[in-house]
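Undergrad: Predicted structure and sequence below. I'll ask about it afterward.
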Amino acid sequence: MHRRIKRKSNLDWFDEYVMNEIPIRLIRLSDMKFFGRGDVKKHFRGFVPEDGSRWRYSPSDTVKYAILSHRWLGEGEPTFEDMKSAKALKASGPGSEKLKNFCEKAREYNVEFAWSDTCCIDKSSSIELSKRSLDLHQVAPRKGPRTPTTQHCAQRRQRCP
């Protein structure tokens with residue numbers, strides 16, 4: 001007996017994508033504050049097309065964010081705690097400037113959100129650290145030139161020039 005596989009609705013697919021595929025928190029570029037997965041769901045839910053639309057829907061076309069992957073400085077990188085307490089917004093120095101410049105570049109690509117490994121991961125949480133380690137293995141291709149070493153756009157993993 002064959003079971004018919006029920007196709008997920010666009011909203012179900014979107015919800016599953018947000019809760020399982022994007023980082024736990026992003027930086028909202030408009031105010032440089034954290035935006036959690038629940039916030040992302042609320043923000044983008046109205047942009048998900050109804051089922052039965054003419055084009056094939058992909059949640060990654062709805063939720064777009066930039067990723068900063070880079071060499072860490074010896075010191076002065078904004079941390080999760082700095083972002084949470086808004087110290088990063090007031091700070092100066094090479095790490096803060098790098099984050100601010102990255103966010104400016106992300107705005108040029110018309111994305112509302114960004115992710116940086118230095119400040120979006122709560123390094124005091126072993127669960128977040130292990131999850132991020134697994135995510136990095138999924139993002140980095142097995143072979144080929146797209147290893148995340150510079151700024152690149154998460155949508156279709158395109159590098160920013």
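TA: On my side now, so go ahead.

Undergrad: tally of neighbours for the nearest residue to residue 47 once chain neighbours are set aside?
TA: Leaving out its chain neighbours, the residue that sits closest to residue 47 by C-beta to C-beta, 6 or more residues apart in numbering is residue 62, at 5.1 Å. Where you see a C-beta, it was placed from the backbone N, CA and C, and this is true even at glycine. Residue 62 is surrounded by 20 other residues when neighbours are defined as other C-beta atoms under 10 Å.

Undergrad: any idea how far residue 62 is from residue 86?
TA: Separation of residue 62 from residue 86 (C-beta to C-beta, to the nearest Å) stands at 28 Å.

Undergrad: list the helices and strands whichever strand or helix holds residue 26 packs on?
TA: Take DSSP states H and E as the rule and residue 26 turns out to sit in strand 25-28. Strand 25-28 is packed against strand 33-36, strand 113-116, with contacts defined by 3 or more C-beta pairs under 8 Å, 6 or more residues apart in numbering; DSSP states H and E.
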